[in-house]
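here are the coordinates; sequence isn't available:
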C-alpha cells in the first residue's frame, strides 16, 4: 500500500475491495458478486462496467461515476497517458489501482504504481498520475468529505 497522509473512515471499504480484487486476480477468474438483500445498493460489477464503457480512442482520460453516498463518491478513472488532479479543502481521495502501471506524484514524492496499490490523498493536495504501460491505467477513486 502506498500512503500519503492519514487514512480516512472509508479506508476499510477500499481495503476490502482491494482484498477481493487481489484474490480475483490471483485465481484468474471473474469476480463473483453475491446478491444483496437491498438490490438498490448493488452498483454492478466493476470489470463489467469497464468492459461496457471503455476509454474512447480519442480521449486520454475518462471518468465513470458509479456511486454517491452521504458526501462520498466512487468513480472509475481510466487514464491513457497522464492525469493531474487537485481537490479543494474538505475533500480527501483514495485511489485503488485496478489495471496498468505508471508513476504517481503527490506532495513532492514520485512513486511507481501498479494493480493492487492504494493511494491516500489528503484534502487540498494536488497529484499527477502518469501511465507508463501499453494498457489503460484504471483506478477506483473514492472521494469523501475530509478533515475535522
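Great, that's in hand. Note that this is a predicted model, so its numbers are computed, not measured.

I figured residue 112 hits residue 105, correct?
No. Here residue 112 lies out of contact with residue 105, judged by Cβ atoms under 8 Å, at a distance of 11.2 Å. C-beta coordinates here come from the backbone N, C-alpha and C atoms, glycine included.

Who has more neighbours out of those two?
Using other Cβ atoms under 10 Å, the more surrounded residue of residue 112 and residue 105 is residue 105, with 14 against 11.

residue contacts, that one?
Counting by Cβ atoms under 8 Å, 6 or more residues apart in numbering, residue 105 touches 127-128, 130.

Three-state assignment for it, please.
strand (DSSP: H, G, I helix; E, B strand; the rest coil).

Give me the distance between it and residue 69.
To residue 69, residue 105 is 29 Å away according to Cβ to Cβ, to the nearest Å.

Most neighbours among the contacts of residue 105, which one?
Going by other Cβ under 10 Å, residue 127 tops these with 19 neighbours.

Beyond the helix or strand where it lies, next helix or strand please.
Secondary structure from DSSP states H and E places residue 127 in strand 126-131. Where DSSP H and E defines the elements, the next helix or strand beyond strand 126-131 is strand 137-145.

elements contacting that next one?
Applying 3 or more Cβ pairs under 8 Å, 6 or more residues apart in numbering; DSSP states H and E, one finds that strand 137-145 contacts helix 11-27, strand 72-79, strand 91-99, strand 126-131.

Mind telling me which of those the model trusts least?
Note on the helices and strands packed on strand 137-145: lowest mean pLDDT is at helix 11-27, with a mean of 41.

What residues sit buried inside the helix or strand following that helix?
On the C-terminal side of helix 11-27, the nearest following helix or strand under DSSP H and E is helix 46-52. Within helix 46-52, the residues that count as buried by 16 or more other Cβ atoms under 10 Å are 46, 50.
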